[in-house]
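Asks: what's the 3D shape of this:
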Amino acid sequence: MLLADHDVAQFHELGFVMIEGVFSDGEVRLLRDAFESVSRSDHPANVVEKHTGAIRTAMGLHRRHAVFDRLVRDRRLVEPAVQLIGDQQLYAQQVKVNVKAAEVGEAWQWHYDFATHHHEDGVVLPLALNLHIFLDDVTMDNGPLQFVRGSHLVGAHETFLDTETTSYDLWCVSDEVVQPLADVNGVYTATGAAGSLLIFGDTLLHASPPNTSALDRRIFSLILNPVANASTIDRRHDWQHHREFVPIVASSATSLLL
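Replies: Numbering: from 1, shown residues only. This next block holds a predicted model:
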């Protein structure tokens with residue numbers, strides 16, 4: 001699946017693009033069921049919220065369930081990534097589901113992914129792409145992602161390591177950096193139906209508020225990075241940054257449903 005020219009143009013201008021209806025209702029149900037299976041296991045890659053113990057993120061999913069192993073090779077993810085990054089071999093850098101459990105899902109601070117990839121994993125260039133699939137309808141109330149439009153064009157922003165706010169250490173960007181850019185460029189809130197595909201780049205500023213609704217918000221995330229830009233530091237767990245730099249080959253299958 002290739003992106004339309006206007007989607008590619010939007011990605012380069014704003015740093016993100018979202019397309020609704022990419023994955024069917026049946027595929028979304030399959031992914032939810034697979035996630036429920038892995039989230040019930042006692043696994044260190046299942047990270048819980050600081051205050052409630054609810055699942056915050058479950059990582060390394062393509063090694064823990066066959067459905068997610070198929071998903072990382074899905075042409076609807078791999079082909080747009082190659083299109084946007086360029087004709088390079090890509091590997092699965094991170095495979096997870098981020099969760100905002102109903103009424104208890106906590107915030108993610110303002111950050112951009114490359115800061116963590118660079119500081120913790122030794123990735124040299126901000127070339128990776130984050131490819132999201134909404135597993136639930138995402139509304140204004142259940143913790144949607146928010147992006148500072150065009151903030152990727154500024155490049156690497158000043159960051160600090162936040163080890164206190166949540167259960168997951170994160171290289172963050174201060175409000176003093178975010179607010180001027182947001183005032184000028186505006187903030188986009190990524191809402192949409194389950195099955196939507198959201199793609200954004202490695203230096204795009206983003207955050208998400210707590211889930212104040214009675215609806216879960218689960219989002220699958222695949223980060224693809226060029227093999228030539230692979231990590232050079234082995235500090236973190238493998239499920240946080242996979243170190244099998246095997247090129248992903250897009251599947252010929254047209255659906256996850258067998």
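
Asks: contacting residues around I19?
Replies: Residues in contact with I19 (Cβ atoms under 8 Å, 6 or more residues apart in numbering) are L3, D7, S196, L197. To be clear about C-beta, it is placed using only N, CA and C from the backbone, and glycine gets the same treatment.

Asks: if we take the residues you listed, which one ends up nearest to A207?
Replies: Among these, S196 lies closest to A207 (Cβ to Cβ), at 18.9 Å.

Asks: And the helices in the stretch 1-150 of the chain, which stretches?
Replies: For the stretch 1-150 of the chain, helices defined by DSSP state H, counting those that start in this stretch occupy the ranges 5-14, 25-39, 66-71, 75-85, 113-121.

Asks: could I get the ones you listed as TSV with mean neighbour count?
Replies: Below are these laid out as TSV (neighbours: other Cβ atoms under 10 Å):
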stretch	mean neighbour count
helix 5-14	14
helix 25-39	17
helix 66-71	18
helix 75-85	20
helix 113-121	21
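
Asks: so which of those comes closest to T254?
Replies: helix 75-85 (7.8 Å).

Asks: Quick one: mean pLDDT over the closest one.
Replies: Average pLDDT, helix 75-85: 97.

Asks: Using PDB, write down the CA coordinates of that helix.
Replies: The C-alpha coordinates for helix 75-85 follow below in PDB (Å, rounded to 0.1, in the frame of the first residue of the first chain):
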ATOM      1  CA  ARG A  75       2.500  -4.300   3.500                       C
ATOM      2  CA  ARG A  76       0.200  -1.600   4.800                       C
ATOM      3  CA  LEU A  77       2.900  -0.700   7.300                       C
ATOM      4  CA  VAL A  78       6.100  -1.600   5.500                       C
ATOM      5  CA  GLU A  79       5.400  -0.100   2.100                       C
ATOM      6  CA  PRO A  80       4.500   3.400   3.300                       C
ATOM      7  CA  ALA A  81       7.600   3.300   5.600                       C
ATOM      8  CA  VAL A  82       9.900   2.500   2.600                       C
ATOM      9  CA  GLN A  83       8.100   5.200   0.600                       C
ATOM     10  CA  LEU A  84       8.700   7.900   3.200                       C
ATOM     11  CA  ILE A  85      12.200   6.900   4.400                       C
END
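
Asks: for the contacts of I19, which one is nearest E79?
Replies: L3 (8.6 Å).

Asks: and the gap between that closest one and A81?
Replies: Separation of L3 from A81 (Cβ to Cβ, to the nearest Å): 10 Å.

Asks: what's the answer for S251, then?
Replies: 14 Å.

Asks: Show me what the residue lying closest to Q88 once chain neighbours are set aside is bridged to.
Replies: Leaving aside its chain neighbours, Q88 sits nearest to P226 (4.3 Å; criterion: Cβ to Cβ, 6 or more residues apart in numbering). In this entry, P226 is beta-bridged to L90, by DSSP bridges.
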